[in-house]
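Asker: the sequence and its predicted three-dimensional model are supplied below.
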Amino acid sequence: MTEPRGRIGFVPPRYGAEVVGGAEAVLTEMAHGFAARGWDVDVLTTCAKDHVTWANHYPEGESTDGQITVRRFATQTDTPGKARERIGQQMLAGHGANISEQQLWVNDSLRVSGLWHYVLDNADQYRALVLGPYMFWTTFAVSQIMPERTILMPCLHDEPTAYLDLFAPCFSGSRGLWFLSDPEAELAASIHRLTPRHEVIGAGIEQPQSYDPDGFREKFAIRSPFLYYAGRREWGKGWTELLAAFAALIEETNADLKLVTSGVGAIDAPASIADRVVDVGFLSTQDRNNAMAAADAYVQPSALESFSRTVLEAWLAGTPVIANAGSEVVSWHIERSSAGLTYETERELIEALRLVVERPQSLAELATPGRQYVIDHYTPTDVMDRAEQTIIDWTGAPAS
Amino acid sequence: MTILMITPYAPYRDGIAVYAVQEVRAMRQAGLDVEVLSPLPSAAHRHLVIGSATGMSRLLRLAGSYDKIIMQFYPELLFGGCRGRIERLAVWRLLKQLALKVPLELRIHEIDYGAITIDPLTLSTARSALQAAAKLQVHTAAEATTLADSLDLDLSTIELVEHGGNFEPRTAVDKETARAEFGLEFDEHVFVSIGFIQSHKGCDRGVRAFGRAGLGKASARYIVVGSTRVDHPDLVSYAEELQALCDATPGAEFRHEFVGDEEFDAWLVAADTLVLPYRDIWSSGVLERAALFSIPVITTAVGGLADQAPEGALVVENDSGLTKAMAEAAGQTIDLRETHLLSRAELTELIHTRSGRTNDIDQRSPVEQVGQVTMPKPHSARPGVGELKQFVQRATAWQLQPIIDQLNQLQASTAASIAELKENQRE
């Protein structure tokens, strides 16, 4: 007789095929992974697709996604956001914020009363509630309802909000913590007292059955060598820094090189390179995999990464990575795999990009150990084994 | 039937919010349709600042959509934004109108009797508003009597509701596991005080009593766990004093942090004795949570605590009672009578120890402790704004910098003058 497993609720702030976000992608894969192993899985989430406006995009209510039940709740964004902006600026300037300000900051954004009360009413039905990333209202507020059943996947990186006292009880008082990498766990332990039940789970990277780089080039009419960036095109993700370096490189070399990007966010390329920056829009998983394989290098300009699955997807596709050394996690991946280059300044970024033009074969060779690194450490089965074991160890089985 | 509950609410660090969440959960599980309105944006369905005549008028307008209103009553909720006596009177009148419009249940957590009995008109207006409520509820008989006596209300119209009626245990850990997680030995007697750190909770009394009884030398520990609810200077200053006191008291420790619900209960499980050395309180949620785990309690007899304390709890009247009760709980007998006389130096030392004074106290005058004035850093998360701020700073520096320099010079001169004055006085 098999042991009763129970129901797990995953609570990402957004959910859906069109949602762009690494943490959301990891939670989605986890949810499907648990469902495939025979667990009852619910996704409890908002109706939002966009993490800036939090506008309700998907219909409220219940639906299914494969074996998963998805319950969506409308967001409330009825506060002006002025307090959040003011306190956020204050924190970024290094002036800190007291606990009253921190509470105002977290509540002056989206709130989801329906989701919160659904969990309040039904938390007993769940063996575990998996929440993340740490800084969103959904995670913070829901984590307080049933901490004894809460597994927090913080997706933490080194930023002012990580240090807020507000979040300390989430790290010390949740039932367990799932980290995506060793550096993330070390960072968390250096900031907050951690519950003794914490584990580096990682995230599974699925191996595509095949790649079609030529098909990608043909589909999007890209004939030149190209750099690729996939994700949110935001200042905080290093997009503007990448554009500036790319523009400088082109000015200095006039090389036949393009910067291809997929994801969301305005392009805002300087006029001098506007015709060299190609936005291929939001890509399907297969197209994104093909883009990874077709690229001459994948660039990760963000210093705010807690895992960076796109870097691992690039390696799996045999593509070298150029990444911002400011991200401890990405630097750690690159140190361990030796399959990429890091830069610390804009000049170093320009010089690293120049290698795509001047030393393409050396760079391509650099990528070779990357694929094995991903296979050795981030096979979905291994990740799911680790995650599943923690749920079994940390939470009580439901009555049979 | 739709019920509106008006209350501070999650996810704020607030005792009444925690209480209200548990009541909302119980009511919804009982099949009632409950919506929540909170004064600040929160997990509530609505938010509205009602601590003024304007706020109460708005509440009155939306009240018609509900069949019943439950208000977690405390002074700040209704009067926090009032600008004087006239407005407070208006709020009382509007509260009465609200009660006449929709059945209103008031769960009274706290009342500022001083502000009500300040003059006959306020007293009669407040009384009239409370009499119009469908229900007045408090947690203990002592509170009911005080309320009835102070406002000349009929005692029989005030209901008692169990403070912990909707509380449920939030941890399943056993004592050994809890102690291991908190780094406590299993064979020592552990006293715990837990909750928001504020003077009226009297944790300093508990630590002093623990120190007086010499329990730190007797394999006992006293752990105070909690944080200030808000960063008000008085609260921060009290927390600092408490820290110093614990540092100077063998066996005492202040874990200055806010803990979540599961950890809160795990601390109770880890305790041999929960200590509530309160100076002033209406009733205690911590006492109710301790009862969920049958944790022995020592409490002072303030507010309604003597009524609320479970059978077997040690209810003490004063500091020496607290000291004796703690010693007794730890299996020690102490004699508080003076057995030998202390010298002036010893008495002085005792004062210093009990007040948490340490040798590394900042001996500088207050003016010396004020930091130098500097220009704010021209940083910004928004693209371009940092550069703009830098530009503005450069453009205005010629005006501002001399003022800043003069302020710093003034501070330095004042500090120097004070030092000189002290020196002269010594001579």
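Answerer: Arrived safely, thanks for sending. Numbering: from 1, shown residues only, chains lettered A, B, ... in the order given.

Asker: for stretch B:27-35, buried residues please.
Answerer: B:M27, B:V34, B:E35 (16 or more other Cβ atoms under 10 Å in any protein chain shown). Just so you know, the C-beta spots here come from the backbone N, C-alpha and C atoms, and that holds for glycine as well.

Asker: same check on stretch A:45-55?
Answerer: Buried residues in stretch A:45-55 (16+ other Cβ under 10 Å): A:T45, A:T46, A:C47, A:A48, A:K49, A:H51, A:W54.

Asker: one step back: could you pick out which of the buried residues of stretch B:27-35 are located in strands?
Answerer: B:V34, B:E35 (DSSP state E).

Asker: poorly predicted segments of chain B, please.
Answerer: B:338-339, B:350-351, B:354-372, B:376-387, B:390, B:425-427 (pLDDT under 70).

Asker: for the residue of it at minimum distance from chain A, give me its contacts.
Answerer: Residue nearest to chain A within chain B: B:G260 (2.8 Å; Cβ to the nearest Cβ). Neighbour list for B:G260: A:S143, A:Q144, A:P147, A:P169, A:C170, A:S172, A:G173, A:S174 [criterion: Cβ atoms under 8 Å, 6 or more residues apart in numbering or on different chains].

Asker: for those residues, which entry has the maximal number of neighbours?
Answerer: A:S174 (30 neighbours; other Cβ atoms under 10 Å in any protein chain shown).

Asker: quick one: that one from chain B, how far?
Answerer: 7 Å (Cβ to the nearest Cβ, to the nearest Å).

Asker: surely that residue meets A:L194?
Answerer: No: in this structure, A:S174 is not within contact of A:L194 by Cβ atoms under 8 Å, at 9.4 Å.

Asker: give me phi/psi at the residue of chain B closest to chain A?
Answerer: Phi and psi for B:G260, reported as degrees, to the nearest 10, are phi -70, psi 180.

Asker: ok, B:L4 next?
Answerer: phi -110, psi 120.

Asker: tell me the domain boundaries of chain A?
Answerer: A:7-75+A:110-204+A:379-394, A:213-377 (automatic domain parsing).

Asker: what residues does the stretch 51-200 of chain B have near chain A?
Answerer: Listed as neighbours of chain A in the stretch 51-200 of chain B under the rule Cβ under 8 Å from any Cβ of the partner chain: B:R170, B:T171, B:A172, B:E181.

Asker: among those, who's most crowded?
Answerer: B:T171 (22 neighbours).

Asker: spit out the contact partners of it.
Answerer: B:T171 neighbours (Cβ under 8 Å, 6+ apart): A:E148, B:A178, B:E262, B:E263, B:D265, B:A266, B:V269.

Asker: okay, strands next: where are they in chain A?
Answerer: A:7-11, A:40-46, A:61-65, A:68-73, A:128-131, A:150-152, A:176-179, A:198-200, A:226-232, A:258-264, A:277-279, A:297-300, A:321-324, A:340-343.

Asker: now the second one: mean pLDDT?
Answerer: Averaging pLDDT along strand A:40-46 yields 98.

Asker: coming back round to it: got a markdown table for the buried residues of stretch B:27-35, with distance to chain A too?
Answerer: Written out in a markdown table, the entries for the buried residues of stretch B:27-35 read as follows (distance: Cβ to the nearest Cβ, whole Å):
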| residue | distance to chain A |
| --- | --- |
| B:M27 | 11 |
| B:V34 | 9 |
| B:E35 | 9 |
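
Asker: tell me the phi and psi of the nearest residue to B:S227 once chain neighbours are set aside?
Answerer: Spatial nearest neighbour of B:S227, chain neighbours left out: B:F258 (4.1 Å); criterion: Cβ to Cβ, 6 or more residues apart in numbering or on different chains. With angles defined as degrees, to the nearest 10, B:F258 sits at phi -80, psi 130.
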